[in-house]
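> Quick one: sequence plus predicted model below, questions after.
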Amino acid sequence: MADGYGACLINKPELVQDMVKQVRNQVENPRFSVSIKIRIHDDLARTVDLCRKAEATGVSWITVHGRTVEERHQPVHYEAIKIIKENMSIPVIANGDIRSLKEAEKVCHITGTDGVMVARGLLANPAMFAGYEETPLKCIWDWVDLALELGTPYMCFHQHLMYMMEKITSRQEKRVFNALSSTSAVLDYLMDHYGM
């Protein structure tokens, strides 16, 4: 925010409009999708105005995270997303605290949006949209195989495993897993506790 980009752009609708216009002018293919992701403003009318300006400039769809810039862990304002959706003719995607397929369906129903964008929920359970309540072991092993094949840096490899294993590990297991400091130690741990 302090650097003048990201969520602070909610206060600069003309700049967002110009950015969308610049991208649109650089891409010859009219079917090329240009989207923005925003948070809501304290004054919802200002958020709707920003969305309308972006739409008028040629944005293809808008993702709305239903919190203000200052809000981090407060409840998501799904009613605000609904109001934004009702004022747009392009697709609107809801975002914020969606951690299961059931929650995704509920948010779509509440907001009337065209879809949802999920972040931490998918980090914790990449199989969420397949209907799994927690990450299946096969998914964890698929991540291990993919990460090793692609040479994923250890910190990223370990952090993604921490997210995926959150619901299936005890507090003590989390402490042990957090203390692991190498890929080989993680692989040994996984084989000992979750070998397939």
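Nice, thanks for sending it over. Numbering: from 1, shown residues only.
> Next one: the closest residue to residue 96 other than its chain neighbours from residue 14, what distance?
Nearest in space to residue 96, with sequence neighbours left out and distances taken as Cβ to Cβ, 6 or more residues apart in numbering, is residue 76 at 3.7 Å. C-betas here are computed from N, CA, C, even on glycine. Taking Cβ to Cβ, to the nearest Å as the measure, residue 76 falls 27 Å from residue 14.
> more crowded one of the two?
residue 76 (21 against 9; other Cβ atoms under 10 Å).
> could you measure the residue nearest to residue 96 against residue 64, distance?
From residue 76 to residue 64 the distance is 10 Å (Cβ to Cβ).
> same question, residue 27
For residue 27, the distance to residue 64 equals 23 Å [Cβ to Cβ].
> Which one's more surrounded, these two?
Shown here are residue 27 and residue 64; by other Cβ under 10 Å, residue 64 has more neighbours (30 against 12).
> hmm, back to that, could you look up the SS state of the residue nearest to residue 96?
What DSSP: H, G, I helix; E, B strand; the rest coil gives for residue 76 is coil.
> wait, it sits on residue 66?
Yes - counting by Cβ atoms under 8 Å, residue 66 is a contact partner of residue 76 at 4.0 Å.
> who touches both of these two?
The contact sets of residue 76 and residue 66 overlap at residue 96 (Cβ atoms under 8 Å, 6 or more residues apart in numbering).
> With that, I have no additional questions.
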